[in-house]
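Novice: sharing a sequence plus its predicted fold:
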Amino acid sequence: MKLPVVLLGLTALLSGCIIFDKKSEAVTFHQFSAPASASTRSTPAIFIPRATIPAALRRPNIVLLDDTGWVRIDDAHRWLAPLDRAFAEALGRHLTSLTGLPTTTQPPAEDHLVLLLTVDKMEVFAPAVPERSIFSLPGTSPNNDTATLQVTCRLEKSDGTLLTTKTLTRSRQLKERTANEFTQAQSANLASVAADIAQLLPNPSPSK
């Protein structure tokens, strides 16, 4: 007789958990837009570890960080995957689309290139006017705010030999100071940065 009682208690407990978690339905998950493409060249593979990102951005939520250090965090808007991993994976898809080279987040066994990414800035830049804080001015962006992305990339051989290093900065205007608008603008910035990085990678060998 005890077993049915235990099962009934577990059922009630689980049902309670499901009801409690219903508020998660209001959460919107975001990701960088990037093409889904297959590699057309087998070598050299490019190993892209997780990006190094600012401490303020290391959280599931989308953080609207402005250039003065103020932040706006909304629990209803989160990244679909950890930001350091999502950034590296999206940039890798762009590079494969642009160059045909395979990219991976795991180090290959054979000789390969290593692309190290450091996100120096991923923030909202506001013109120098009073009340610049994004806490004070949520929502619409009447002052031509921009989403700024600055990335330092370091390209190495698999043995650690440095090939090149470069810092790239891109900005896109924001129509609204919202997570959705910010994600779209930073996706465009990331695509533009990837196009520059693609120029640093080996060109295909000329056909004979």
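Specialist: Nice, thanks for sending it over.
Novice: the longest strand in this protein is where?
Specialist: Counting by DSSP state E, the longest strand found in the chain is strand 112-125.
Novice: who are the packing partners of that one?
Specialist: Judged by 3 or more CB pairs under 8 Å, 6 or more residues apart in numbering; DSSP states H and E, strand 112-125 is in contact with strand 45-47, strand 61-65, helix 83-99, strand 146-157, strand 162-173, helix 179-198. From N, CA and C alone the C-beta is placed, and that goes for glycine too.
Novice: JSON lines please, covering these and showing mean neighbour count.
Specialist: Output for those, formatted as JSON lines (neighbours: other CB atoms under 10 Å):
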{"stretch": "strand 45-47", "mean neighbour count": "22"}
{"stretch": "strand 61-65", "mean neighbour count": "21"}
{"stretch": "helix 83-99", "mean neighbour count": "21"}
{"stretch": "strand 146-157", "mean neighbour count": "19"}
{"stretch": "strand 162-173", "mean neighbour count": "14"}
{"stretch": "helix 179-198", "mean neighbour count": "19"}
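Novice: so which of the ones you listed is nearest Pro35?
Specialist: Pro35 lies closest to helix 83-99 among the helices and strands packed on strand 112-125, at 4.3 Å (CB to CB).
Novice: which residue is the nearest non-sequential neighbour of the residue nearest the centre of the chain?
Specialist: Against the mean C-alpha coordinate of the chain, by CA atoms, centre = their mean, the closest residue is Phe87 at 3.1 Å. Nearest non-adjacent residue to Phe87, counting by CB to CB, 6 or more residues apart in numbering: Ala51, 4.4 Å away.
Novice: look up phi and psi at that neighbour.
Specialist: With angles defined as degrees, to the nearest 10, Ala51 sits at phi -70, psi 150.
Novice: confidence-wise, which helix or strand of this protein is lowest on average?
Specialist: Least confident helix or strand of the chain, by mean pLDDT, DSSP states H and E, is helix 2-20 with a mean of 38.
Novice: C-terminal to it, what's the next element?
Specialist: strand 28-30 (DSSP states H and E).
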